[in-house]
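Enquirer: Sequence plus the predicted model coming up.
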Amino acid sequence: MRTWHELIRSKSVPLMLVVAALLAGCGGGGSGSGTSPVTPQAATPAFSVSTGAYTTLQSVAITDSTAGATIYFTTDGTTPTIAASAYSAPIPVAANTTIETITVASGYTNSSVASATYTINFPAAPAIVPITDIHQGFIYQIVTDRFFDGDTTNNNPAESPGLYDANGLSSPANADWNLYWGGDLAGIQQKLSYLQLMGVAGIWISPPMNNIRVNAGASNGETGYHGYWTRDWMQIDEHFGDDTNSWTAFDNLVTAAHADGIRVYVDFPANDSNPIGAGEDGSLYNNGTLVTTYSTDTGTTPYYHHNPNISNYEDRYQVQYYTLESLADLDQTNPWVDSYLKAAVTNFLAHGVDGFRFDATQEVNWGWEYSLENTIANWSGASSPARMPGQPFIFGEWDEGSEDALYPDSVKFSNNSGVNLLDYTLYWQLADVFGASGSFYDIDNELTLEDAGSSTIPAQAFTQPNDLVTFFDNHDNPRILSQGADRMAVKQAISFLLTCRGVPVLYYGDEQYLYNDTNNGVVPYNRNGMTSFTSNDATLLIQYLAALRAANPGMAYGTMTPRWINNDVYIYERQLGTNVVLVAINKNPSTDQAISGLLSYLPPGSYTDYLAQTMGGLGIAVTGIAGSYNPVTNFTLPHNSVSIWVSAGSVPPSIGSVTPRVANPGAAVTISGAGFGATAGTVNFIAGSTTLPATVTNWSNGQITAVVPTLAAGAATVTVTQGTATSNAAPFTVNTATLIPVNFSVSGTPALFGTDVIMLTGNVAELGNGATTWNDAIGPVTIPAAGSALQTVSVPAGATVQFQFFVLHSNESITSEGVQHRYTIPSTGAGTAAVTW
Ligand code: NOJ
């Protein structure tokens, strides 16, 4: 499928031929006497597209009538020679470009240079209406070091000299990809208008915290340019900010981003600090003061776990308590570490961030993360710079596919903790479908499993699939352009991503078709330097899709229903009330697809293609009656196309998301959706037979801020009533009080057989309210060693609880301890409740 990049790299002209051609071109008849034959000149190459101005992407073929000719071309203004790119396939022209070309052929002098100049004036994209909630937009993921150098004074800072390669952003082919390249927070700030034009609603930036200051050695990946080798959570790294590790550059970025309507999400590592036994040996600092290193962490309450690398990702204990890739593994239930990480997270909130991407959520102590979410959900401090409206949105990395053993644990974790997950399950299918030859059935099956669940394994459905954070490329996996995608496939992937349910994340540079195939594009070759910030066909497409997401609530909050599918064609519909968006993708590069039997909720009428200016252009007709599933008149979907048909309409009060989904009474929550009405109605929180109205502090048609009433802890729902109409009931979980992480452990557990697991239950909502099922009790808990069990649970501060462990057998029967233990939870810090079975 590859076109553009292959031809750039292919210089496969046999040397002898080139030498002969050059000699011929020099009039190479030698110096002998007599008449020399006149060497003919190769024909001048011809362009398939004439010089001129165009409003769409052009594909320019170059031909030459000279037998056996090789065509060389440039697009950078230099005169082509045999050192230029050899032509092999039509050249996509997505921006103002001059192509210059010559022909070289054996027995001929070189042709004259031919040149064609193209001006691309893409049509103005639709205006993007202001949005109030991230679901209405998309997030743009940035590896700060690789984006833009806005401040050259921090490139080779005195605190950490020698970690910078000046070739990085300008000449990556000559750079060390594991060194710093100069990108910084000021650079992101300087490129905000580029992001704003595309419709970026939020940026997720790589960890900006202070990283180790030395080279950890080639075998350890050398430097912390990626941000994941944190040593001090309280300071900004000198490469990204300034040499006093101040927050100035960070605050400036947040202020400027917010002024442009762009939210800032910070990547927050809580699992680990930095490499063990190399670099700074897991050094951990608190605002400049050394707290420990890994090898000096020998106290009675260690800051770190001292276990081997994780080798079995199906073992809940290893995953949470072992070491991830030789990175010093923090014990989040060490009271100092607990309060340090929570202070760090609230410090970022106080610096105005709009949410977090939790790094390595799967490897952090799951039970502790409930209390991290609780800290953020209940935070109500002042911030400077000011935050954007809306409560913080958090999403975590749980790198698993649905076939993996701990997938059900991930669903349960997200549903119950309120930590939204990056949709890795869907990612694997997107990479296969758009990066290779995967089938759309695989995407459809994954969506069905995640959204609706399956009857065979517990807890497989996410209660709020629209809160999952979707992506097709990221900094940990090869870009799809390195997996086999061509530019059309990237645009199809972008189209899918920005019309799919969930909150989309676009990885920086995909819109500029960045890739590097060294080592098949794995880390670090997927962390390319941004080389261009110009508008092109992909940025235009993104603008269109961002405008549609912002305007049509069906895109942000609606259902997603498959309507027609085969391996290469996927037609699906997003719908909220009478807001309907029908999307059709045919990824087959050569075969058009006859579509018959297609039903849609679109009202009867004729529809032009919303993407007519960028991708498709196909009109459809719908017959039938409004408000029902209507037949779409048969049509043919062209190969390599994306078409979108839109109907905008009204909607009764509809809740699309509640942020946070888990919080204490008294916490503010943002209820986003549509049709709430311009004047305040009522928000109710409902648990069982109790309905309590919430105090509303802000109300608009698409967003409400309400305060969680004092409702019994546990599962609840939220509704919005306007006049006589009441919305859907959105799931919500009420906590009892501030949550404290407690390590519940038991020794002397019975032998486990087959698929037996150990669970924990207790007499408060946070301990499962006495439930003994897989879905509702706590667990499966970790097994540090045969005969013992350990589970951190975040439980209400100061409460006295009763709890007991039990074995859950595969037939759902249980063997319980038979006694209730009592434990009083500390009012601050972390706790330990150790019992014997
Ligand atoms: C997951 C991140 O995405 C990855 O890039 C990083 O190396 C590891 N966590 C360790 O922090």
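Expert: Cool, the structure landed.
Enquirer: Quick check: which ranges of this protein have low pLDDT?
Expert: By pLDDT under 70, the low-scoring segments of the chain are 1-36, 220-221, 456-457, 459.
Enquirer: So which residues on it come close to the ligand?
Expert: Contacts of the chain with the ligand, taken as C-beta under 6 Å from any ligand atom, map to 226, 228, 269, 272, 324, 327, 359-360, 397, 475-476. Just so you know, the C-beta spots here come from the backbone N, C-alpha and C atoms, and that holds for glycine as well.
Enquirer: quick check, nearest of those residues to S654?
Expert: Among the residues of the chain next to the ligand, E397 lies closest to S654 (C-beta to C-beta), at 29.7 Å.
Enquirer: returning to what we had before: among the residues of the chain next to the ligand, the buried ones, what's the ChimeraX command?
Expert: Listed next is the ChimeraX selection for buried residues among these, using 16 or more other C-beta atoms under 10 Å:
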select :226,228,269,272,324,327,359,360,397,475
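Enquirer: Of the residues of the chain next to the ligand, which belong to helices?
Expert: Of these, none are assigned to helices by DSSP state H.
Enquirer: Y557: which of the residues of the chain next to the ligand is nearest?
Expert: E397 (24.1 Å).
Enquirer: How about A344: what's its closest non-neighbour residue?
Expert: Spatial nearest neighbour of A344, chain neighbours left out: W233 (3.7 Å); criterion: C-beta to C-beta, 6 or more residues apart in numbering.
Enquirer: What is the subsequent helix or strand relative to the strand or helix carrying that neighbour?
Expert: Applying DSSP states H and E as the criterion places W233 in strand 230-236. Later in the chain than strand 230-236, the nearest helix or strand by DSSP H and E is helix 248-259.
Enquirer: how about the nearest residue to A706, chain neighbours excluded?
Expert: A694 (3.9 Å).
Enquirer: Enumerate every residue touching that neighbour.
Expert: Neighbour list for A694: 683-685, 706-709, 718 [criterion: C-beta atoms under 8 Å, 6 or more residues apart in numbering].
Enquirer: Now tabulate those in CSV and tack on neighbour count and secondary structure.
Expert: Converted to CSV, these look like this (neighbours: other C-beta atoms under 10 Å; DSSP: H, G, I helix; E, B strand; the rest coil):
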residue, neighbour count, secondary structure
V683, 27, strand
N684, 20, strand
F685, 23, strand
A706, 24, strand
V707, 17, strand
V708, 27, coil
P709, 19, coil
V718, 23, strand
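Enquirer: Distance of the residue nearest to A344 relative to D243?
Expert: 19 Å (C-beta to C-beta, to the nearest Å).
Enquirer: cool, R487 as well?
Expert: Counting by C-beta to C-beta, the separation of R487 from D243 is 41 Å.
Enquirer: can you check Y194 too?
Expert: 27 Å.
Enquirer: Out of those two, name the residue with the larger neighbour count.
Expert: Of the pair Y194 and D243, Y194 is the one with more neighbours under other C-beta atoms under 10 Å, namely 19 against 13.
Enquirer: Residues touching stretch 824-834, excluding its own?
Expert: So stretch 824-834 is contacted by 333-335, 338-339, 740-747, 795-801, 803, 821, 823 (C-beta under 8 Å, 6+ apart).
Enquirer: Y340: which element?
Expert: Going by DSSP H and E, Y340 is part of helix 335-350.
Enquirer: need the contact list for the closest residue to the ligand within the stretch 51-200 of the chain.
Expert: At 9.2 Å from the ligand, V143 is the closest residue in the stretch 51-200 of the chain, using C-beta to the nearest ligand atom. Residues near V143 by C-beta under 8 Å, 6+ apart: 183, 206, 226-227, 475, 508, 527.
Enquirer: Next step: those residues restricted to strands.
Expert: Per DSSP state E, strands hold no members of these.
Enquirer: Buried ones from the residues you listed, can you make that a PyMOL selection?
Expert: Command for PyMOL that selects the buried part of the contacts of V143, burial taken from 16+ other C-beta under 10 Å:
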select buried, resi 183+206+226+227+475+508+527
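Enquirer: Y118 bridge partners, please.
Expert: When bridges are called by DSSP bridges, Y118 pairs up with G52, T97.
Enquirer: was I right about it contacting T97?
Expert: Yes: counting by C-beta atoms under 8 Å, T97 is a contact partner of Y118 at 5.2 Å.
Enquirer: sorry, back to before: select from the contacts of stretch 824-834 every entry located in strands.
Expert: Among the contacts of stretch 824-834, the ones falling in strands (DSSP E) are 740-747, 795-796, 800-801, 803, 821, 823.
Enquirer: can you pick the most crowded of those residues?
Expert: Neighbour max across those (other C-beta under 10 Å) = V795, 31 neighbours.
Enquirer: The residue nearest to A344 touches S339, doesn't it?
Expert: No: assessed by C-beta under 8 Å, W233 is found out of contact with S339, at 11.7 Å.
Enquirer: Look at these two and report which has more neighbours.
Expert: Just comparing W233 and S339: by other C-beta under 10 Å the higher neighbour count belongs to W233, 23 against 14.
Enquirer: What is the end-to-end distance of stretch 106-122?
Expert: Stretch 106-122 has its terminal residues 41 Å apart, counting by C-alpha to C-alpha, to the nearest Å.
Enquirer: No further queries at this time; thank you.
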